[in-house]
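Chemist: predicted model and sequence below, questions to follow.
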Amino acid sequence: MPSLVRDWFGPHTSSAADWPPDLLIRAKGTVTVSVVLPARDEEGTVGEIVSVIRRDLVETVPLVDEIVVVDSRSTDATAARAAAAGARVVHQDDVLPGLPPLSGKGEALWKGLAASTGDIVVFVDSDLRNFGAHFISGLLGPLLTQPGTHFVKGAYERPLIGLDGVVQRGAGGRVTELVARPMLNLYWPELAGFIQPLGGEYAARRSVLEQVPFVTEYGVEFALLVDLLERVGLDAMAQVDLGHREHSHQSTAALGRMAGQIMLTAWSRLERQGRIVASEAPATRLLQFDADGEANLSDVGVAERPPLASLINPPVVPDVSVKEDVA
């Protein structure tokens, strides 16, 4: 490793096994913890994830104070399954309804930050399979025991599971390896030690999250790393090995659109930091061809929500959990 990365990596990388819930509950004190799950058409997995968190980290060990599922315009039973499992469900467009609605994962995360109340906020993707409570406790470990740590990213082995069921170890995270990791190494080498820079499992102090903008599409995780590096510095950032992560996989075409969003996000940060000067903004349209040679044109432009702390009025967040038909 380059010395810059090596010096950070060792002291700032730990394992979920280092942070058992029984240890953390003693360190928690009066700190409150919110777990936020952005969810769009995840009826097959979201209920089990919520159930595990509630059973192991609310009822068995009171480490988590609230579980919030942000229903991102689902067309299936995502909201009902989450509510039945014990989450507080909020609909994305009901949070801060006075703002023009936007789309994308980052929008759901930002709305989840607004809807939750915890001093520490843990974000977890809703499509995880074989989920374990150590995903939450592991991320909380450095934040509850180390006052100087403000942001913790999950690290894990990401296999690629083909349609034939064949598992390819380490072959998941294709956009990470083809786009995000090269970009970080080129322009923000301090962040090169993060094993899963685009992973959807991470936690931070609310006071920090409310000070940074949220990109509304799939560039959100990339932007958070870069923006938090600038705001709190590398020594306030850590990562925890959570073991093994399985989730649903997107098509190559969808990953291409995701890559475009991440590249535009990186470009916006380079421009904002005064590191590039362009005569015109980059194009946001992506032309792709399917297996039959048919052309498909997509807009991969990314919008951005401002730091939540910049909003004067507190959010109005209807709780729709009890309204869902959970039959």
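Modeler: Happy to help now that I have it.
Chemist: show me the contacts for A283.
Modeler: A283 makes no contacts at all, as judged by C-beta atoms under 8 Å, 6 or more residues apart in numbering. The C-beta positions use only the backbone N, C-alpha and C, and glycine is treated the same way.
Chemist: next, give phi and psi for it.
Modeler: Listed backbone geometry of A283 is phi -70, psi 150, with angles given as degrees, to the nearest 10.
Chemist: same question for the one 5 residues further on.
Modeler: When quoted as degrees, to the nearest 10, the phi and psi of Q288 stand at phi -130, psi 160.
Chemist: name the nearest residue to it, sequence neighbours excluded.
Modeler: Spatial nearest neighbour of Q288, excluding adjacent residues (C-beta to C-beta, 6 or more residues apart in numbering): N296 at 5.0 Å.
Chemist: does the one you found belong to a helix, a strand or coil?
Modeler: Per DSSP: H, G, I helix; E, B strand; the rest coil, the local secondary structure of N296 is strand.
Chemist: oh, and call the first residue 250 from now on, that's how I've got it
Modeler: Shifting the count to begin at 250 puts that one at N545.
Chemist: tell me, how many residues neighbour the spatially closest residue to R378 that is not a sequence neighbour?
Modeler: Taking C-beta to C-beta, 6+ apart, and ignoring the residues beside it in sequence, R378 has E495 as its nearest neighbour in space, at 4.3 Å. For E495, the tally of surrounding residues (other C-beta atoms under 10 Å) stands at 17.
Chemist: so what pLDDT did E495 get?
Modeler: Residue-level confidence at E495 comes out at 80, pLDDT.
Chemist: thinking again about what came up before, list the contacts for the residue nearest to Q537?
Modeler: Contacts here follow C-beta under 8 Å, 6+ apart; on that basis N545 touches 502, 536-539.
Chemist: over to G492?
Modeler: When the contact criterion is C-beta under 8 Å, 6+ apart, the partners of G492 are 265, 381, 383, 405-406.
Chemist: low-confidence regions, the protein specifically.
Modeler: For the chain, the stretches flagged by pLDDT under 70 are 408-422, 496-498, 561-576.
Chemist: in the longest helix seen in it, what's buried?
Modeler: Among the elements of the chain assigned as helix by DSSP state H, the one spanning the most residues is helix 501-521. Using 16 or more other C-beta atoms under 10 Å as the test for burial, helix 501-521 gives 504-519.
Chemist: one more: stretch 253-270?
Modeler: 254, 257, 261-263, 265, 268, 270.
Chemist: now stretch 305-321
Modeler: When burial is assessed from 16+ other C-beta under 10 Å, stretch 305-321 yields the following buried residues: 305-307, 310, 312-321.
Chemist: which one of those is nearest V338?
Modeler: Minimum separation from V338 among the buried residues of stretch 305-321 (C-beta to C-beta) is found for V318, which lies at 4.9 Å.
Chemist: can you tell me the SS state at that closest one?
Modeler: Assigned with three-state DSSP, V318 falls in the strand class.
Chemist: any idea how far it is from R455?
Modeler: Taking C-beta to C-beta, to the nearest Å as the criterion, V318 is separated from R455 by 18 Å.
Chemist: what does P346 give?
Modeler: In this view, P346 and R455 are 22 Å apart by C-beta to C-beta.
Chemist: ditto for A288
Modeler: Note on A288: its distance to R455, by C-beta to C-beta, is 21 Å.
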